[in-house]
Structure formats: structure tokens, C-alpha cells
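> Next comes the sequence, and after it the predicted model I'd like to discuss.
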Number of protein chains: 2
Amino acid sequence: MVSIMAHYGIVVEYGLHCLLWLVGERDKPVSSRDLADLQGVPAPFVAKIFPQLEKAGIVAASKGIQGGYRLARPAAQVSVLDVVDAIEGRKRLFDCQEIRGRCALFRRKKPPWSGAGVCGIHAVMLRAERSMRSELAKVSLLDLASGVQRKAPASFAGQVSDWLNDRAIARNDARLAGMGIRPTKSRRGRKA
Amino acid sequence: MVSIMAHYGIVVEYGLHCLLWLVGERDKPVSSRDLADLQGVPAPFVAKIFPQLEKAGIVAASKGIQGGYRLARPAAQVSVLDVVDAIEGRKRLFDCQEIRGRCALFRRKKPPWSGAGVCGIHAVMLRAERSMRSELAKVSLLDLASGVQRKAPASFAGQVSDWLNDRAIARNDARLAGMGIRPTKSRRGRKA
């Protein structure tokens, strides 16, 4: 009977963490694979999250070898609630089954008073849900990313950009090598 | 990926509805079977909920043919949150997996700043959870029962008591009949 599963699953956590890396200037869109590897989380999960984020207008995708994702709107305009709803699909706190109308005393005919207004139990749950959602709506991706920035050393953002660029270059090099072409600009060359 | 299951399941709904019938004066403790039938909900579910409510100190059980449940403390001192936690077991809104520490850039050694304080994403979720729980803690069983009482006609509470008493008498009659004893006080007799 006791179920300890959290309301918002690990996909919400993956999704939010991934999006943080898209906040700020990026030279190129970032692939979901690179985002997964950067964070040490399973790539297939992340690959499934991004189409949902795209559908919700949170990220925009570009195709091709240099393809990947960018934020579709400013990070200040994407709330934690937007992300949660995009991934979990407007999950409710409570599903009211209108049990109040099934009382044995009513037999075949429910008296009108029994269904008047919202069920009191449902009403409490709705208030709790509204209050929870309102907290999630208060915080944007920009707020979250700024929080990380305050903790990290100044060099960290640059290191992340380098890591992502190196991955993109390595992928392109591998593609060219597969076609028998020697890369003109190697990863090491860029760093030297 | 999308999961639309509510955070609090139908057992919470059954539990809360059942408890409402225990608010106020009752001649006898009420069996979980009668509570289930009164509301038209499945008796096996309800039978499983009550031991959890008892363990949480919300109801007290008495055994035997006249056995059943009563509230273990005044209805004003049982919050919706108490009931939810008793049934669902302190379910979290979000389980933080500390993904921030897995960043590929850290390689083998996590820098201390990466784990400083609560993860920003977890912190938002904790605020949302606190706010949700605080709404559930504000409302007691007495509040809920008073809400029903305000909607129902004045005669309703008495009808419920009669229904529950009739059930208890019928059960006792059946038991006596099984022992070959003719009941002295029949259900019809009491009502005449």
C-alpha cells in the first residue's frame, strides 16, 4: 500500500540539469548526447526528454552533424514549472473520484446538495497543488544557472564551453576521417 | 515517458472520506466494511487503510463482533497531512540524485564547491513540497466534516447514524440466528 515514489521522477531532474547547460552564450547548439555525457547521466533518457521540451517551446532543435538544442526563449522566461509540465505532462496532486456521490443512503438518486461545489477533500488538494505549482513557477532557468555560477569558480563556464566545443570538433573530425579527409583544424590544434 | 498518475492515490481519497464518517458522536465503533459499503468503495482497500491509520495514532480499533474504529484523538487534531502521511508514507515531491556531482569535467575528484549547500534544483522542489504540505496541514478532519455538514440537510447525520446502527444490529442478528437464537430486538422492531 505504501508507495514512496516521488511525484516528479528522475527525468525531471535530468531535464532541469540539462537545460542549465544551455543557459548563456553557446557557439553552437548542443546535442542531447553531449549533455548526457557532460553530466554522467544515461543518454537514452536525455534523448527522450528533449523532443518533449521542444514540443513545449522550451528548446529549439537544429538538425545535422552540427545539430543540437538551444533554448527557444530567454532563460528568464522558462520556469521550473514549465519544464516539469513539459516532461511530466501536468501531473495532478490528486484525482478526485467524486466518492461523495456514491453514498449508500442516496440509493438511486443523488440529492443535489451532495454534489454542490467542489468536494471539500478535493478543494484542499487543489489548494496544495496550486501552492506547490506557484513555488515552481517563481524560479526560472536563469535563477538556477545564476545559483550555480555563484558557487563555481569564474573559469568553470569557459571549461564547460571548451568541453562541449571539443566534443563537437572530435565528432566532426571522426566524420571527416570516415570520409578519408584529414581534418584541417584538429582538437589539439585549436587548444594550442 | 509522460506519467499522469496523481501524487496521492485513491487510497488517500478513500481514507479521508472514511474518516469523515467517524467525526462526531457515534454510539459504537464503526467497522471498515460498513464504512466501505456506506460510501460504495471497495471494502478490501478500506480494510488495508485502517491498520495504517491506527499505527499513525489517527484511529483506535476495538475487536470483536461489535468491534470497529473510532478516531483516536479529536477531529480538530487530525490534519489532512497526518492522514496523507499515514497512508502514503511521507511521499516526496522529488528525489535528488545529486547529479551536479557527476559532471564529466570533475573527472575523479569533485571540487568542494560543486556540492556546497543544497542543489539549487532540489531547493526549489523542497520549497514547493513545504508549501504543499503546509496547505494540507492547515485543514483538519473537523474542518472537512463541518464543510459537509453545512451542505447537507440537518437530518443527514441522523440518517447516517441509523444506517450504521442498522448494519451493526443486522450483523448481530445474523450471528445469533447462526447460533439458533431468535433476536430479541430486530432491526424493524427498533425502527417501529
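Nice, thanks for sending it over.
> quick one: contacts for residue A:167?
Residue A:167 sits next to A:34, A:37 when contact means Cβ atoms under 8 Å, 6 or more residues apart in numbering or on different chains. For every residue, glycine as well, the C-beta is placed using N, CA and C.
> Does it lie in a helix or a strand, and which?
Per DSSP states H and E, residue A:167 falls inside helix A:156-178.
> pLDDT on that helix, on average?
Taken as a whole, helix A:156-178 has an average pLDDT of 89.
> Number of residues surrounding the residue nearest to residue A:86 when sequence neighbours are not counted?
Leaving aside its sequence neighbours, residue A:86 sits nearest to residue A:56 (Cβ to Cβ, 6 or more residues apart in numbering or on different chains; 3.5 Å). When neighbours are counted by other Cβ atoms under 10 Å in any protein chain shown, residue A:56 registers 16.
> Please tell me how far residue A:56 sits from residue A:132.
19 Å (Cβ to Cβ, to the nearest Å).
> Go ahead and confirm the residue nearest to residue A:86 touches residue A:84.
No: applying Cβ atoms under 8 Å, one finds residue A:56 not in contact with residue A:84, separated by 10.3 Å.
> Can you tell me the number of residues neighbouring residue A:178?
8.
> What spatial separation is found between it and residue A:168?
Distance, residue A:178 to residue A:168, by Cβ to Cβ: 16 Å.
> can you map out the strands along chain A?
Counting by DSSP state E, the segments of chain A that form strands are A:59-62, A:68-71.
> need the contact list for residue A:57.
By Cβ under 8 Å, 6+ apart, the neighbours of residue A:57 are A:72-73.
> What's the per-residue pLDDT of the closest residue to residue A:46 other than its chain neighbours here?
Distances taken as Cβ to Cβ, 6+ apart put residue A:36 closest to residue A:46, at 4.1 Å, once the chain neighbours are dropped. On pLDDT, residue A:36 comes in at 95.
> Residue A:36 against residue A:43, yeah?
Yes: counting by Cβ under 8 Å, residue A:43 is a contact partner of residue A:36 at 3.9 Å.
> sorry, back to before: quick one: residues contacting the residue nearest to residue A:86.
Residue A:56 sits next to A:82, A:85-86 when contact means Cβ under 8 Å, 6+ apart.
> Which ones among the residues you listed map onto helices?
A:82, A:85-86 (DSSP state H).
> Please export the C-alpha coordinates of stretch A:92-106 as PDB.
This file holds the C-alpha atoms of stretch A:92-106, laid out as PDB (Å, rounded to 0.1, in the frame of the first residue of the first chain):
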ATOM      1  CA  ARG A  92      -2.000  16.200 -10.600                       C
ATOM      2  CA  LEU A  93      -1.500  16.000  -6.900                       C
ATOM      3  CA  PHE A  94      -4.800  14.200  -6.500                       C
ATOM      4  CA  ASP A  95      -7.500  12.700  -8.800                       C
ATOM      5  CA  CYS A  96     -10.900  13.300  -7.300                       C
ATOM      6  CA  GLN A  97     -13.200  10.300  -8.000                       C
ATOM      7  CA  GLU A  98     -16.300  12.100  -6.600                       C
ATOM      8  CA  ILE A  99     -16.800   9.500  -3.900                       C
ATOM      9  CA  ARG A 100     -19.200  11.800  -2.100                       C
ATOM     10  CA  GLY A 101     -21.900  11.000  -4.600                       C
ATOM     11  CA  ARG A 102     -21.700   7.200  -4.100                       C
ATOM     12  CA  CYS A 103     -23.100   7.200  -0.500                       C
ATOM     13  CA  ALA A 104     -25.400   4.200   0.100                       C
ATOM     14  CA  LEU A 105     -28.000   6.500   1.700                       C
ATOM     15  CA  PHE A 106     -28.600   8.200  -1.700                       C
END
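> Other residues contacting it?
A:7, A:110, A:114-115, A:118-119, A:121-122, A:125-126, A:128-129, A:132, B:4, B:6-8, B:10, B:12-14, B:17, B:37-41, B:132, B:148, B:156, B:159-160, B:163.
> And stretch A:41-52, by the same measure?
Applying Cβ under 8 Å, 6+ apart, the contact partners of stretch A:41-52 are A:10-11, A:14-15, A:17-18, A:32-33, A:35-37, A:59, A:61, A:69, A:86-87, B:1-2, B:99, B:102.
> Just the buried subset of those residues, please.
Taking 16 or more other Cβ atoms under 10 Å in any protein chain shown as the criterion, what is buried in these is A:10-11, A:14-15, A:17-18, A:32, A:35-37, A:59, A:61, A:69, A:86-87, B:99.
> and which of those residues is nearest to residue A:174?
Nearest to residue A:174 among the buried ones among the contacts of stretch A:41-52 is residue A:37, at 14.7 Å by Cβ to Cβ.
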